[in-house]
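Student: Following is a predicted model, sequence given first.
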Amino acid sequence: MVAPESAPDPRAAERTLVLSYAPVDARGAVEALFALDDTLAAILRTTTEPMIGQMRLTWWHEALSALGNASPPAHPLLRALAGTDVPGAELAGMIDGWDVLLEEPLDGDAMLRHAQARGGGLFRLVADLSGFADARVAQWGEGWALADLSRHLSDAQQAERARKEAGARLDDRFAPSVAAQGRVLGALVTAARMDLGGRAAGSPGRVARLAWHRLTGR
């Protein structure tokens, strides 16, 4: 199962830095997409009853699907997402990646479906908004999602499986280097690799490595 959060995560400040790497004209939309991802993740990490979690995810699925079909919603995040011009159906598709985490037991197939819908979908949307095209985007997103999942699983065997699958998708060493428009994604991948390697979040070495990626795309 997904373990609840127990303390503030220093990755939050790091993630704020990374999102600043997005192209200026896409930054607000990219931040809204990751705010949605945070919101959906919080549902899983604060829900102890699967049925309640499913109800909350269903509400978001319906609200996202309705974007563009009605007047602007009152919810601040929904208003921000409506302003991204991303079709509501594509945003709602991200929820499929969270639904599977409510399944018991969480097997390898469920992990991969989570990675594809959450990470692959999110990274593709960010790439589109940023004007970035690269065949590796979906693979990177899946690896990023699996690396994050591995940190939140209470079962050691499940966590190790998620780490292994993440490592297989994040093995590419940016050859060729990542174009400027895609460095927000490249930095997220770099941070995920450092998580898998055990480099402490918030450490000066991590910040320096992310800055190097912003400058060079490597």
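Tutor: Looks like it came in fine.
Student: Looks like residue 152 contacts residue 46 (just checking).
Tutor: No. In terms of CB atoms under 8 Å, residue 152 does not count as a neighbour of residue 46; the distance is 11.9 Å. Yep, even glycine has a C-beta here, placed from its N, CA and C like the rest.
Student: Please say which of those two ends up with more neighbours.
Tutor: A count of neighbours by other CB atoms under 10 Å puts residue 152 above the other of residue 152 and residue 46, at 17 against 13.
Student: Now the phi/psi pair for the more buried one, please.
Tutor: In terms of degrees, to the nearest 10, the main-chain angles of residue 152 are phi -120, psi 10.
Student: tell me the pLDDT at it?
Tutor: pLDDT, residue 152: 92.
Student: same thing with residue 8?
Tutor: 63.
Student: Likewise for the one 10 residues further on?
Tutor: Looking at residue 18, its pLDDT stands at 97.
Student: Quick check: residue 22 is in a strand.
Tutor: No. Going by DSSP: H, G, I helix; E, B strand; the rest coil, the assignment for residue 22 is coil, not a strand.
Student: Can you give me the distance of it to residue 129?
Tutor: 8 Å (CB to CB, to the nearest Å).
Student: Please apply the same query to residue 15.
Tutor: 17 Å.
Student: before we move on, what about residue 198?
Tutor: On the measure of CB to CB, residue 198 and residue 129 end up 32 Å apart.
Student: How about residue 89: what's its closest non-neighbour residue?
Tutor: Sequence neighbours aside, residue 65 is the residue nearest to residue 89 in space, at 6.0 Å (criterion: CB to CB, 6 or more residues apart in numbering).
Student: ok, the one you found - contacts?
Tutor: Taking CB atoms under 8 Å, 6 or more residues apart in numbering as the contact definition, residue 65 lies against 88-89, 92.
Student: for residue 97, same thing?
Tutor: 113-119, 121, 145.
Student: Got the confidence number for it?
Tutor: Per the predicted model, pLDDT is 94 at residue 97.
Student: again, but for residue 101
Tutor: For residue 101, the model assigns a pLDDT of 93.
Student: Surely it is in contact with residue 45?
Tutor: No. Here residue 101 lies out of contact with residue 45, judged by CB under 8 Å, at a distance of 9.9 Å.
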